[in-house]
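**Q** sequence-free structure coming up:
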């Protein structure tokens, strides 16, 4: 579900197109866009605080065979939320090989992007040393 939520629309469209036969679905909820409160912690382990709000789109679908899929994505892209929900429902039970391959590809791309972002952030890291007061 997390991999689908972070995947670009083109990757979701390609994964759906690779399914044979393509699933038929009915939209149960949404796509609906709303706001959620994002919470943070100082230093990752300190007291929680409200960081701010972010836009989220959710969708729920039912496939022709009765499986229900849900998706929550950051942003306002209703089509992307619907596609993610369809693929999430399809992944329940026996995952078709084409979908398993698409999910593995999406996961690898997301991990590579995360690693690249971490490397670039680490390059700008500044180490602060304690100052010893003289006298």
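**A** Received, thanks. Everything quoted here is computed from the prediction, not taken from an experiment.

**Q** Only C-alpha atoms from now on, for both contacts and neighbour counts.
**A** Fine.

**Q** Where does pLDDT dip in this structure?
**A** 127-135 (pLDDT under 70).

**Q** for this structure, what spans make up the helices?
**A** Along the chain, the stretches classed as helices by DSSP state H are 2-6, 9-18, 78-90, 97-123.

**Q** Just give me the neighbour total for residue 73.
**A** 24 (other Cα atoms under 10 Å).

**Q** how far away is it from residue 20?
**A** Distance of residue 73 to residue 20, given as Cα to Cα, to the nearest Å: 26 Å.

**Q** do the same with residue 49
**A** 47 Å.

**Q** which of the helices of the chain is buried the deepest?
**A** Of these, the one with the most neighbours on average (mean count of other Cα atoms under 10 Å) is helix 78-90, at a mean of 26.

**Q** What are the contacting residues of that helix?
**A** 1, 4-5, 8-9, 12-13, 15-16, 23, 25, 27, 30-33, 57-63, 67-73 (Cα atoms under 8 Å, 6 or more residues apart in numbering).

**Q** Check those for burial and list the buried ones.
**A** Buried by 16 or more other Cα atoms under 10 Å: 1, 4-5, 9, 12, 15-16, 25, 27, 31-33, 57-63, 67-73, out of the contacts of helix 78-90.

**Q** coming back round to it: any chance of a markdown table for the helices of the chain, columns distance to residue 53?
**A** As requested, the helices of the chain are exported to a markdown table (distance: least, Cα to Cα, whole Å):
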| stretch | distance to residue 53 |
| --- | --- |
| helix 2-6 | 18 |
| helix 9-18 | 23 |
| helix 78-90 | 19 |
| helix 97-123 | 23 |
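
**Q** So for residue 43, which of these sits nearest?
**A** Residue 43 lies closest to helix 97-123 among the helices of the chain, at 16.3 Å (Cα to Cα).

**Q** and the closest one, what other elements does it pack with?
**A** In this structure, helix 97-123 packs against helix 2-6, helix 9-18, with contacts taken as 3 or more Cα pairs under 8 Å, 6 or more residues apart in numbering; DSSP states H and E.
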